[in-house]
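> Okay, sequence plus prediction incoming.
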Amino acid sequence: MNIYFLTLLVGLVTGAQDVELSVGPNVAAIELKLDGAAISHLASPPWKARVDFGANLRPHRLDALAFDADGVQLGQATQYVNLPRPGQQAALGLVEDERGRPRALRVSWASVGDAKPKSIEVEVDGVALDATDPNRVRLPSLHERDVHVARARVRFSDSIVAKTELVFGGSNVMSSDVELTAIPLALASTATPDPGALRGIVEVGGQPVELRALEAGPVNLVIVRDETLDVLPPAWAQRLAFLRKSTALNGLPNGSQVRVLDPHPVTPNRARPRERVFDVSRPLPTASTSVVDVLLATPPADPARGAQALGEAVAVAAQIAAQDDRPRAVVLVMDRVGPDASVYPVEEVRRYLSRLAVPLVVWSFRGAPGDWGATTKLSSDDDLREAWLHLLGELGRQRIAWVAGSHLPEAFGIRASAKAKEVRIAGR
């Protein structure tokens with residue numbers, strides 16, 4: 001373990017960001033690459049660089065390569081940016097002596113909103129260590145030829161814990177030689193074809209790739225409810241029981257997760273106004289909840305929260321929906337166009353969801369709301385029922401395709417062919 005990131009980038013990241021790394025004693029230089037292109041060369045401490053992620057929201061891969069004095073690569077660290085990740089991250093790195101022997105562990109963390117951890121727990125091979133100083137958690141005497149497993153738990157609250165682990169030591173550590181990337185496909189039917197039937201259709205960087213597997217299964221659905229949605233139309237009240245039954249969340253596959261995201265953010269650090277924190281609900285009980293229940297629920301007023309920011313809210317909802325490599329969608333429910341404090345314009349957010357391969361579904365009670373694109377107008381309770389059934393059908397036709405290698409989602413495409421009419425990248 002010759003190199004790792006001390007700076008963990010979470011949430012929505014754009015513009016120039018300071019990135020710090022930690023390296024072993026034999027490292028003489030670091031090369032940083034962003035999306036495969038070299039962007040910085042560091043030849044001495046401090047091992048810090050300023051990385052420009054551009055003005056647009058898009059997924060990135062940041063690689064740090066460590067070299068010795070002879071130019072031999074010693075190690076590599078990789079961090080994905082603007083891709084689905086928990087809002088709290090933790091990392092473990094080795095602190096080595098001049099001979100490259102592990103002497104301590106260093107714990108680093110990051111949290112959207114700069115939340116401070118309440119406690120830090122570190123163990124090696126199941127034995128708890130003193131983590132009073134997370135920058136140097138002393139290791140006990142260990143056999144260097146044995147493989148050791150270190151684990152850290154960084155607790156931010158009773159329910160929010162960032163976990164990480166590090167395997168080190170040994171001369172022949174086994175690891176998987178095949179890395180896989182998941183991409184959601186939208187098929188023309190609900191039948192799952194054999195991966196071989198789609199041979200040559202899916203491409204990465206313009207080159208066809210082989211699908212290792214196609215999977216159906218539970219979905220991730222995140223609903224963003226616009227504050228202008230005050231109450232449902234009065235006429236609907238007479239048919240609430242019917243609507244609850246016809247829009248029940250139990251129509252989703254078993255194990256599906258439905259969450260509601262509050263579009264009113266908190267800005268913990270006024271010096272960094274783009275860093276906003278959004279509350280998202282726990283997964284709703286799909287056996288006893290309906291879409292109507294979500295629309296009727298009025299979030300409690302919170303004076304600590306700022307003005308509605310639908311742009312960032314939808315972007316964060318997309319990151320949550322894309323977690324766990326499942327079929328996914330974000331549903332934005334609106335009533336009328338109201339004030340919005342988003343930093344990112346609507347068009348930029350829509351492009352981000354397309355790059356992330358997350359479908360955006362917009363429902364509105366009063367027609368097309370601004371620049372959010374294709375919209376389903378809910379003029380009647382029948383419209384809501386039909387919109388829900390249509391969404392169930394769209395989710396039911398999504399399949400997760402597994403492809404060898406590590407790829408950013410926007411690198412995927414569909415090659416033009418007769419079969420290509422039956423498949424597309426979800427969200428595009």
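In hand now; what should we look at? Numbering: from 1, shown residues only.
> quick one: low-confidence ranges for the stretch 251-400 of the chain?
Within the stretch 251-400 of the chain, the stretches with pLDDT under 70 are 268-274, 299-301, 367-369.
> can you map out the strands along it?
With DSSP state E, counting those that start in this stretch as the criterion, the stretch 251-400 of the chain has strands at 257-261, 328-334, 360-364, 376-377, 398-404.
> For the protein, which segments count as helices?
Counting by DSSP state H, the chain has helices at residues 240-246, 291-296, 310-321, 346-356, 381-396.
> can you tell which of the strands of the stretch 251-400 of the chain is closest to I320?
strand 257-261 (6.5 Å; Cβ to Cβ). For glycine as for every other residue, the C-beta is placed from the backbone atoms N, C-alpha and C.
> Output the contacting helices and strands for that closest one.
Identification of packing neighbours for strand 257-261 by 3 or more Cβ pairs under 8 Å, 6 or more residues apart in numbering; DSSP states H and E yields strand 220-225, helix 310-321.
> and D158, which of the strands of the stretch 251-400 of the chain is closest to it?
Comparing the strands of the stretch 251-400 of the chain by Cβ to Cβ, strand 257-261 comes nearest, at 19.0 Å.
> any idea of the angle that closest one forms with helix 310-321?
160 degrees (axes from the mean of the first three to the mean of the last three Cα atoms, to 10 degrees).
> out of the strands of the stretch 251-400 of the chain, deepest packed?
Most buried of the strands of the stretch 251-400 of the chain by mean neighbour count (mean count of other Cβ atoms under 10 Å) is strand 328-334; its value is a mean of 25.
> ok, that strand: who's next to it in the sheet?
strand 220-225 (parallel), strand 360-364 (parallel) (DSSP bridges).
> mind checking the end-to-end distance for stretch 224-237?
Stretch 224-237 has an end-to-end distance of 22 Å (Cα to Cα, to the nearest Å).
> Same check on stretch 404-412?
12 Å.
> and the strands of the stretch 251-400 of the chain as TSV, adding distance to A304?
Below are these laid out as TSV (distance: least, Cβ to Cβ, whole Å):
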stretch	distance to A304
strand 257-261	17
strand 328-334	24
strand 360-364	28
strand 376-377	33
strand 398-404	37
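> Which of those sits closest to T192?
Closest to T192 of these is strand 398-404 (Cβ to Cβ; 6.0 Å).
> Any figure for the gap between the one residue sitting closest to the centre of the chain and P339?
By Cα atoms, centre = their mean, the chain has its centre lying nearest to P84, at 0.9 Å. Per Cβ to Cβ, to the nearest Å, P84 is found 29 Å from P339.
> what does R415 give?
44 Å.
> between these two, which one's more packed in?
R415 (13 against 8; other Cβ atoms under 10 Å).
> Wait, that one touches P208, no?
Yes: the criterion here is Cβ atoms under 8 Å, and R415 meets it with P208 at 6.2 Å.
> residues shared between the contacts of the two?
G200, I201, V202 (Cβ atoms under 8 Å, 6 or more residues apart in numbering).
> Now for the closest residue to the first one other than its chain neighbours: which residues touch it?
Spatial nearest neighbour of G200, excluding adjacent residues (Cβ to Cβ, 6 or more residues apart in numbering): P208 at 4.6 Å. Contact analysis of P208 by Cβ under 8 Å, 6+ apart lists R199, G200, I201, V202, R415.
> Which residues are in contact with the third one?
Which is I201. I201 neighbours (Cβ under 8 Å, 6+ apart): P208, I414, R415, S417, K419, A420, V423.
> Look up the closest residue to the third one, ignoring the ones flanking it.
Put plainly, it is R415. R415's closest residue in space is E203 (Cβ to Cβ, 6+ apart), at 5.1 Å.
> Report the beta-bridge partner residues of the one you found.
Beta-bridge partners, per DSSP bridges, of E203: P208, G413.
> separation between it and G427?
E203 is 17 Å from G427, by Cβ to Cβ.
> which of these two has more neighbours?
Shown here are E203 and G427; by other Cβ under 10 Å, G427 has more neighbours (23 against 15).
> Distance of that one relative to Y4?
32 Å.
> likewise D302?
For D302, the distance to Y4 - Cβ to Cβ - is 37 Å.
> F168 now?
F168 sits 11 Å away from Y4, going by Cβ to Cβ.
> Neighbour count for the two, which is higher?
Y4 (24 against 21).
> so who does that one touch?
L21, S22, A77, A91, L92, G93.
> How many residues are close by the last one?
Neighbour count for G93, taken as other Cβ under 10 Å: 25.
> thought it was touching A104?
No: applying Cβ under 8 Å, one finds G93 not in contact with A104, separated by 9.6 Å.
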